[in-house]
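>>> sequence first, then the predicted structure:
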Amino acid sequence: MSNRTRTRIAALTAATVIGALSLTACNDATVNDKPNAKPAVSSDNSGKAEETPSKQPSKAPEVAKVGDTITVKGSDDGSKLDVTVVKVSDNAKPGDEFTEPESGNRFYGVQFKLVNTGTVAYSDSPANGAQIADADGQQFQPTFSEIADGPSMSSDVRLKPGAKALGWIVFEVPKGVKPATVQFAMDSGFADDTAEWRLS
């Protein structure tokens, strides 16, 4: 093997290693807690409020809270949702007589609305991409429990572009824990783009 060939092989090997290290070091994960701006609202002569897209949208609050919408993207091109935390149920009652939280725990429900604002169909189990945390950073995953506040989010949501889904995602937390934030990401939580809302 000639010196020129050895040099070329060494250069290719080095480039491969550097490329692999670059891919490993690359981290595109983001956590977005800034809500989308809300459309401007005006009243007509009847006194009924209506959205006026032609006017300047109202300024969004600094941090997303219950009632706000955040846009998240999935891993695939054209995969995108507008996600709204509609409301929460701090001490939710079980949905039936057979479901109870473990002793010392309570159910905490978060109602989500998902709107497919992308260009491709959305298919996922949304609860897999949700989690809540308290102020100390303790994180809690969803449970497959029903609560009396309303229907749970389906575990098999399929939305064409423009379609929407509404449902509760339920967590089981200790009675002394006060949830501070809730997060949601597409692709069962594996997407790099994560939305976060303040709960308290």
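Here it is on my side, so go on.
>>> quick check on residue 84: phi, psi?
phi -120, psi 130 (degrees, to the nearest 10).
>>> for residue 190, that is, sorry about that
Dihedral angles (degrees, to the nearest 10) for residue 190: phi -90, psi -10.
>>> nearest spatial neighbour of it, skipping sequence neighbours?
residue 75 (7.0 Å; Cβ to Cβ, 6 or more residues apart in numbering). To be clear about C-beta, it is placed using only N, CA and C from the backbone, and glycine gets the same treatment.
>>> would you agree that neighbour is in contact with residue 188?
No. Assessed by Cβ atoms under 8 Å, residue 75 is found out of contact with residue 188, at 10.5 Å.
>>> checking the residue nearest to residue 190 next. Helix, strand or coil?
For residue 75, the secondary-structure state derived from DSSP: H, G, I helix; E, B strand; the rest coil is coil.
>>> need the contact list for it.
Applying Cβ atoms under 8 Å, 6 or more residues apart in numbering to residue 75 gives the contacts 186-187, 190-192.
>>> kindly state the pLDDT recorded for it?
pLDDT, residue 75: 96.
>>> what residues go with each domain of this protein?
34-62, 64-198 (automatic domain parsing).
>>> of the ones you listed, which stretch is the most buried?
Most buried of the domains of the chain by mean neighbour count (mean count of other Cβ atoms under 10 Å) is domain 64-198; its value is a mean of 17.
>>> ends of that domain, how far apart?
Between the opening and closing residues of domain 64-198 lies a distance of 6 Å (Cα to Cα, to the nearest Å).
>>> against residue 34, how distant is residue 185?
Separation of residue 185 from residue 34 (Cβ to Cβ, to the nearest Å): 16 Å.
>>> quick one, strands of the protein?
Secondary structure of the chain (DSSP state E): strands at 30-32, 41-43, 49-51, 69-73, 80-92, 105-116, 122-124, 130-134, 139-140, 142-143, 157-159, 164-174, 179-185, 193-198.
>>> between those, which one is closest to residue 63.
Comparison of the strands of the chain against residue 63 by Cβ to Cβ identifies strand 193-198 as nearest, at 5.3 Å.
>>> show the average pLDDT along that closest one.
The average pLDDT for strand 193-198 rounds to 98.
>>> ok, now stretch 95-103?
The model assigns stretch 95-103 a mean pLDDT of 93.
>>> next: stretch 155-174.
Here the average pLDDT along stretch 155-174 is 98.
>>> what's the offset of it from the middle of its chain?
On the basis of Cα atoms, centre = their mean, to the nearest Å, stretch 155-174 sits 10 Å off its chain's mean C-alpha point.
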